[in-house]
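>>> structure, please.
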Amino acid sequence: MNGLWYFLGCVVLLIAGYAIYGALAERVFGADAHRPTPVQSKADGMDYVKLPGWKIFFIQLLNIAGLGPVFGPIVGALYGPAALLWVVFGCIFAGAVHDYVSGMISLRYGGASYPEVIGRNLGSGVRKFMEGYTVLFLILVGAVFVTGPAAILASMTPYSLLFWSAVIFVYYICATILPIDVIIGRIYPFFAALLLFMAVGLVGALLFQGYDILPGIEPAKFLASTHPKGLPIWPGLFIVIACGAISGFHATQSPMMARCMSNEKHGRHIFYGSMIAEGIIGLIWVTLGLSFYQSPEALAAAGPAPVVVKNISIELLGKFGGILAVLGVVILPVSTGDTAFRSARMLLADTFKLDQHPVRNRIMLAIPLFAVGIALTLVDFNVIWRYFGWANQTMACVALWACSVYLARRGRCHWITTLPAIFMTVVVTSFICNAKIGLGLDMNISTYAGIGLAALLFIIFMFKGHSMPGGPEGDC
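From the prediction side, this is the model:
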């Protein structure tokens with residue numbers, strides 16, 4: 001019973017975070033309900049399409065979620081109850097603030113893409129680097145989320161992996177070049193509701209069937225790692241659980257919704273609120289991982305995350321759960337892949353100042369994106385994908401520093417983004433310095449390196465943040 005109260009307490013904290021800290025973030029930023037939004041001046045029937053706030057919320061939730069708040073928390077559960085703390089406090093003070101401020105800056109900049117937001121606050125040099133980095137990152141995300149779902153469909157049907165890969169790519173092309181309200185605006189709210197229903201339904205079934213919630217959990221051991229391989233919580237946990245706490249990928253998706261908003265006051269529930277909802281989903285899957293299996297060793301022995309999702313769903317919800325599991329494992333990564341390619345197309349359009357109303361221009365940008373994406377599906381991702389979590393959190397660091405500059409130049413309380421920027425800088429630097437896929441340095445040395453870099457960036461920010469390239473002007 002104590003475990004149940006811990007779980008419910010975490011949920012309450014997330015909701016309270018939205019009500020209190022979300023309101024603070026909104027006030028610090030200065031959202032104005034009477035300020036014109038990009039969709040009112042740039043409506044093009046393609047990307048700038050007015051959508052109701054509730055629909056944008058569900059689309060944003062699915063855009064930023066996918067399988068992130070499912071697979072990451074399952075792996076994070078191996079570290080023990082500390083995963084719960086990271087999801088709750090990371091989401092409230094880092095992830096949701098990151099999503100809200102970066103999304104609102106994009107809105108103020110006329111629906112600007114991620115590199116544009118970065119460049120107008122950190123300088124053109126950083127912008128040019130992030131343009132290439134972000135396009136490659138988005139294509140990588142889209143390509144990887146072809147092979148996984150295609151393999152699952154191939155195992156369940158008489159059709160081959162190549163066939164299903166082709167089908168998914170055809171869908172991606174349609175979702176990338178068609179107006180946002182034709183496919184994404186119509187089906188994404190349903191899929192987002194499915195994601196929420198599946199998570200809440202599984203917790204209900206866990207309780208109904210008499211499982212102990214978070215068995216053996218003790219406050220004194222919250223910060224002790226239970227990982228079967230003896231991996232320490234620092235800094236791995238903060239990399240493994242990304243989308244459930246903070247994720248740089250989200251900043252690449254928010255401009256898509258910023259172009260559809262008709263009121264700045266909607267930003268709090270669209271950006272901050274969708275991240276809190278994702279945090280609740282992540283919290284549920286950490287809890288499922290720690291409650292359904294008897295120990296971290298049993299969870300690790302159950303297999304990779306897709307197998308764990310399938311086993312838990314079928315055991316708790318029967319055949320219906322199996323259908324939901326398959327839908328989740330197939331639809332959710334596909335919904336992440338298509339918006340990744342769409343975001344890449346929008347980013348290139350911004351870079352080359354190419355009008356996206358003519359379908360010819362959209363196809364012109366989409367062809368090279370999908371050519372690279374198709375080529376990447378033929379490559380072994382085992383090495384490249386190991387860097388994904390680190391690259392994702394590094395993007396969040398860059399976005400947070402840009403947000404801090406934006407707020408500082410306007411005389412606003414930049415600490416809401418500066419503090420998480422400092423923390424995440426230490427995390428990503430420590431991780432890449434210590435990890436075998438990085439420099440392989442001693443953990444103490446790696447941590448000192450992270451602290452040193454964070455201190456250096458903070459000093460530069462404090463001395464130059466108010467006068468970084470771009471100036472306070474430029475809001476649309």
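>>> name the surrounding residues that touch stretch 214-231.
Residues outside stretch 214-231 that contact it (Cβ atoms under 8 Å, 6 or more residues apart in numbering) are 2-4, 6-7, 78-82, 84-85, 232-233, 287, 290-291, 294, 296-297, 300. All C-beta atoms are positioned from the backbone trio N, CA, C, and that covers glycine.
>>> filter these to the buried ones?
Applying a neighbour-count criterion of 16 or more other Cβ atoms under 10 Å, the buried members of the contacts of stretch 214-231 are 3-4, 6-7, 78-82, 84-85, 233, 287, 290-291, 296, 300.
>>> how about the helices in the stretch 51-200 of the chain?
53-65, 68-76, 82-90, 96-108, 114-122, 124-156, 161-177, 184-208 (DSSP state H, counting those that start in this stretch).
>>> could you pick out the longest helix of this protein?
Taking residue count as the measure and DSSP state H as the definition, the longest helix of the chain comes out as helix 305-352.
>>> name the next helix or strand downstream of that helix, please.
Following helix 305-352 in sequence order, the next helix or strand is helix 359-376 (DSSP states H and E).
>>> distance from the chain centre to that following helix, please.
24 Å (Cα atoms, centre = their mean, to the nearest Å).
>>> for that helix, packing partners?
With contacts defined as 3 or more Cβ pairs under 8 Å, 6 or more residues apart in numbering; DSSP states H and E, helix 359-376 has these neighbours: helix 124-156, helix 161-177, helix 305-352.
>>> what would these look like in a markdown table with distance to residue 68?
Converted to a markdown table, the helices and strands packed on helix 359-376 look like this (distance: least, Cβ to Cβ, whole Å):
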| stretch | distance to residue 68 |
| --- | --- |
| helix 124-156 | 10 |
| helix 161-177 | 18 |
| helix 305-352 | 8 |
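>>> so which of these gets nearest residue 110?
Evaluated with Cβ to Cβ, those place helix 305-352 nearest to residue 110, the distance being 9.7 Å.
>>> hang on, the earlier thing: the longest helix of the chain versus helix 359-376: what angle between them?
In this structure, helix 305-352 runs at an angle of 140 degrees to helix 359-376, with axes from the mean of the first three to the mean of the last three Cα atoms, to 10 degrees as the basis.
>>> ok and helix 305-352 relative to helix 53-65, angle-wise?
Following the same axes, to 10 degrees, one obtains 110 degrees for the angle between helix 305-352 and helix 53-65.
>>> tell me what angle helix 305-352 forms with helix 161-177.
40 degrees.
>>> from the chain's centroid, how far away is helix 305-352?
With Cα atoms, centre = their mean, you get 13 Å for helix 305-352.
>>> just the mean pLDDT for it, thanks.
Averaged across helix 305-352, pLDDT comes to 81.
>>> report the angle between the axes of that helix and helix 184-208?
Orientation check (the same axes, to 10 degrees): helix 305-352 against helix 184-208 gives 150 degrees.
>>> for residue 302, give its distance to residue 132.
As for residue 302, its distance to residue 132 is 39 Å (criterion: Cβ to Cβ, to the nearest Å).
>>> these two: which has the busier surroundings?
With neighbours defined as other Cβ atoms under 10 Å, residue 302 and residue 132 compare such that residue 302 has more, 17 against 11.
>>> distance of the more buried one from residue 292?
In this structure, residue 302 and residue 292 are 9 Å apart, going by Cβ to Cβ.
>>> sorry, back to before: need the helices of the stretch 51-200 of the chain in JSON lines with distance to residue 337 and mean pLDDT, can you?
Below are these laid out as JSON lines (distance: least, Cβ to Cβ, whole Å; pLDDT from 0 to 100):
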{"stretch": "helix 53-65", "distance to residue 337": "11", "mean pLDDT": "90"}
{"stretch": "helix 68-76", "distance to residue 337": "13", "mean pLDDT": "86"}
{"stretch": "helix 82-90", "distance to residue 337": "24", "mean pLDDT": "95"}
{"stretch": "helix 96-108", "distance to residue 337": "20", "mean pLDDT": "97"}
{"stretch": "helix 114-122", "distance to residue 337": "17", "mean pLDDT": "92"}
{"stretch": "helix 124-156", "distance to residue 337": "3", "mean pLDDT": "82"}
{"stretch": "helix 161-177", "distance to residue 337": "6", "mean pLDDT": "89"}
{"stretch": "helix 184-208", "distance to residue 337": "12", "mean pLDDT": "84"}
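>>> which of the ones you listed sits closest to residue 369?
helix 124-156 (6.1 Å).
>>> buried residues in the closest one, which are they?
Along helix 124-156, the positions that meet the burial threshold by neighbour count (16+ other Cβ under 10 Å) are 126-127, 130-131, 133-135, 137-150, 152-154.
>>> quick one: residue 144 from residue 377, how far?
As it turns out, when the distance is counted by Cβ to Cβ, residue 144 lies 8 Å from residue 377.
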